[in-house]
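J.: Coordinates for the following, if possible.
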Amino acid sequence: MKTKYVIFDLDDTLIYEIDFLKSAYREIASTLDNTKDIYGDMIYRFNNGQNVFEYLLQKYPGWTKNQLLDIYRNHVPQLFLDKEIEELILILKSKGYKLGLITDGRSITQRNKLRALNIEHFFDKIVISEEFGSEKPDERNFKFFLDDLIKDYFYIADNPKKDFITPNKLGWKSICLLDKGHNIHKQNFDVNPQYQPQYKIWNFKEALEFIL
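T.: This is a model prediction of the structure:
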């Protein structure tokens, strides 16, 4: 019997990217100087549009930008899965639906996020751009999920610039999680019609209305 495939984006969809940034800043702050509260200063400068790394390099000249980037990208983040998302995943799995993930980024960074959330095991397939060799909206990243036993595909993401054009082209249902003011990169719906999501939701409970 044919089933459904629900595929998610990661950053600013299953997690807020700002939460990863804060976790990385805490790691950098404790590594550079665990005797002073430089984390608060880093967040203040970030919120005011300043270059945090340049500030740190001036304050701690013994460090290089690449060293700071390594900590940022490679640290194991402190992240927690929202209860609403966990409930959605469990409902979808209980229905026998397949679950997937498509995310752009470095392998170690994205894998560490998934492990911190403890959700890797829920997904039948995972596409991470560095591992896969191409980024969204490349069709290969989406066609990887095509399966003769699937009758409906859903892609839930947040970025109109790259997330929805390919699912739309493939005949999938594209669902955009709207920004509640937490996203690092603000959503811009001033794009051509083929880039627009078919549905917009404020929370994952609304997604069930389109999927079930």
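J.: Residue 43 should be in a helix, yeah?
T.: Yes - with DSSP: H, G, I helix; E, B strand; the rest coil as the criterion, residue 43 is assigned to a helix.
J.: Now that it has come up, it's in contact with residue 26, right?
T.: No - using CB atoms under 8 Å, residue 43 is not in contact with residue 26; the gap is 9.5 Å. Placement of C-beta: from N, CA and C, glycine included.
J.: Assign a three-state SS to residue 99, would you?
T.: Assignment for residue 99 (three-state DSSP): strand.
J.: and it, how many residues sit next to it?
T.: If you count neighbours by other CB atoms under 10 Å, residue 99 ends up with 19.
J.: residue contacts, residue 183?
T.: 12, 16-18, 158 (CB atoms under 8 Å, 6 or more residues apart in numbering).
J.: Can you give me the distance of the residue nearest to the spatial centre of the chain to residue 146?
T.: When the chain is reduced to its mean C-alpha position, the closest residue under CA atoms, centre = their mean turns out to be residue 11, at 1.6 Å. Distance, residue 11 to residue 146, by CB to CB, to the nearest Å: 24 Å.
J.: secondary structure element for residue 69?
T.: Per DSSP states H and E, residue 69 falls inside helix 65-74.
J.: Residues touching that helix, excluding its own?
T.: So helix 65-74 is contacted by 24, 27-28, 31, 53, 56-57, 106, 108-109, 112 (CB under 8 Å, 6+ apart).
J.: ranking those residues by neighbours, who comes first?
T.: Result: residue 28 is most packed of those (other CB under 10 Å), 24 neighbours.
J.: For residue 153, see how far away residue 6 is.
T.: For residue 6, the distance to residue 153 (CB to CB) stands at 8 Å.
J.: which parts of the lengthiest strand in the chain are buried?
T.: Ranked by number of residues, the top strand in the chain under DSSP state E is strand 150-157. Buried positions in strand 150-157, judged by neighbour count with 16 or more other CB atoms under 10 Å: 153-157.
J.: any chance of those in TSV, plus pLDDT?
T.: Converted to TSV, the buried residues of strand 150-157 look like this (pLDDT from 0 to 100):
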residue	pLDDT
153	98
154	98
155	98
156	98
157	98
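J.: list the contacts for residue 161?
T.: 188, 191, 195.
J.: Give me the number of neighbouring residues for residue 142.
T.: Residue 142 has 21 nearby residues by other CB under 10 Å.
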